[in-house]
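Asks: Got a predicted structure plus its sequence, pasted below:
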Amino acid sequence: MLKAERAKIAGFEKRNFDRWKPAFDIFEAILEIVHEVGAQHDADFRPQAIRNQDWRFEAVSHIHARGLLVAREIYGLLRCGFPDGALARWRTLHELTTTAIFISQCEPEIAFRYLASFRFAALRAARQLSEFAERADMEPFSAEEIRLMEEECVALTRHIGERLKSDYDWATPSLGNGKATFDRIEKSVGLDHWRPRYRWASQHNHGGHRPGMNLLGACESEEPLFLVGPSNSGFVDPLHMSSVSLMQLFSTFLLNEPNLDRIIIVDVVNSLVDELGPLAIEVERTSLEARRARSH
């Protein structure tokens, strides 16, 4: 059974790659450029950032690496035929990109608060785990472990002047009055026009009802179905949206120290992004027409 299923999956993945190869080639080229140039940029400026305690560079560099990882996850999902999963991962890439842009525009203290926020979140998570450890059949944190985590947070509190009690408290000084939220960060950097796409991408992360035919993977189906496996339909939006967000993140990281070479590289990647969307649409249209012509 497993041997037959794996052979079927291997056959699907080959056909899927053949269908989308022109678009995959561009997306993969973008990934490789972002990886190679981003890694060199980090290596060039990290010693200086350490000497100067450049928290903005540290934060954006970490986000850039995470964003590239998520973009590769998106590509992996598409190669395997899961466009709705890829769209859901785009949501994370958009959050990372928006956060990086926000931090790059704020005072260095905001970057420090962002980096420190992990420690406060870890302490909250450790306490929650310990609270439910018995019911969840998990090992609770020891009192000593909690004490050490608390000491770290106390030291950070002395530096930043307050405890960070929720996920986006780190951004509060730059957002003004009111609760710090992601949508306020998004709006502050002019990316709130992505909100409809963000809400769309969120549907696959949550348990609300979503009819089967509303899935990207079912968008070319001519009959109702429950999609429970891979599909080679619906790749245009995940490919294009992910390339745009990765480009925004890459340019934010690279142009923290702009020069002619970096501007040219950003322009090259931007040209690839501009090419990818229309090409993906054309690949989808022509391959679907050819498939239907063979079927009739």
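Replies: Ah, there it is.

Asks: Quick one: classify Thr157 as helix, strand or coil.
Replies: Here Thr157 takes the helix state, with states given by DSSP: H, G, I helix; E, B strand; the rest coil.

Asks: Need the per-residue pLDDT for it.
Replies: You'll see Thr157 listed with a pLDDT of 97.

Asks: Neighbours of the nearest residue to it once chain neighbours are set aside, how many?
Replies: The spatial neighbour of Thr157 that comes closest, neighbours along the chain excluded (CB to CB, 6 or more residues apart in numbering), is Arg163 at 5.3 Å. The way it works is simple: take the backbone N, C-alpha and C, and place the C-beta from them, glycine included. Residues lying near Arg163 (other CB atoms under 10 Å) number 12.

Asks: Need the phi and psi values for Arg163.
Replies: phi -80, psi 150 (degrees, to the nearest 10).

Asks: how about it, what does it touch?
Replies: 120, 153, 157 (CB atoms under 8 Å, 6 or more residues apart in numbering).

Asks: And for Leu216?
Replies: 83-84, 87, 231, 233-235, 237-238.

Asks: Go through these and name the one nearest Phe12.
Replies: Comparing the contacts of Leu216 against Phe12 with CB to CB picks out Ser231 as the nearest, at 9.1 Å.

Asks: which residues of the chain fall in helices?
Replies: For the chain, the helices defined by DSSP state H occupy 2-51, 55-80, 83-105, 108-136, 143-160, 172-175, 182-188, 195-202, 236-254, 260-295.

Asks: got the angle for the first one vs helix 236-254?
Replies: For the pair helix 2-51 and helix 236-254, the angle between their directions (axes from the mean of the first three to the mean of the last three CA atoms, to 10 degrees) equals 20 degrees.

Asks: For helix 2-51, name the packing helices and strands.
Replies: helix 55-80, helix 236-254, helix 260-295 (3 or more CB pairs under 8 Å, 6 or more residues apart in numbering; DSSP states H and E).

Asks: so which of those helices gets nearest Val189?
Replies: For the helices and strands packed on helix 2-51, proximity to Val189 was assessed by CB to CB; helix 236-254 is nearest, at 9.7 Å.

Asks: Now that closest one: average pLDDT?
Replies: Rounded mean pLDDT across helix 236-254 is 98.

Asks: Stretch 113-122 now?
Replies: In this model, stretch 113-122 has an average pLDDT of 97.

Asks: So which residue is dead centre in this structure?
Replies: Nearest residue to the geometric centre of the chain (CA atoms, centre = their mean): Leu93, 1.8 Å.

Asks: What confidence value was assigned to that residue?
Replies: 98.
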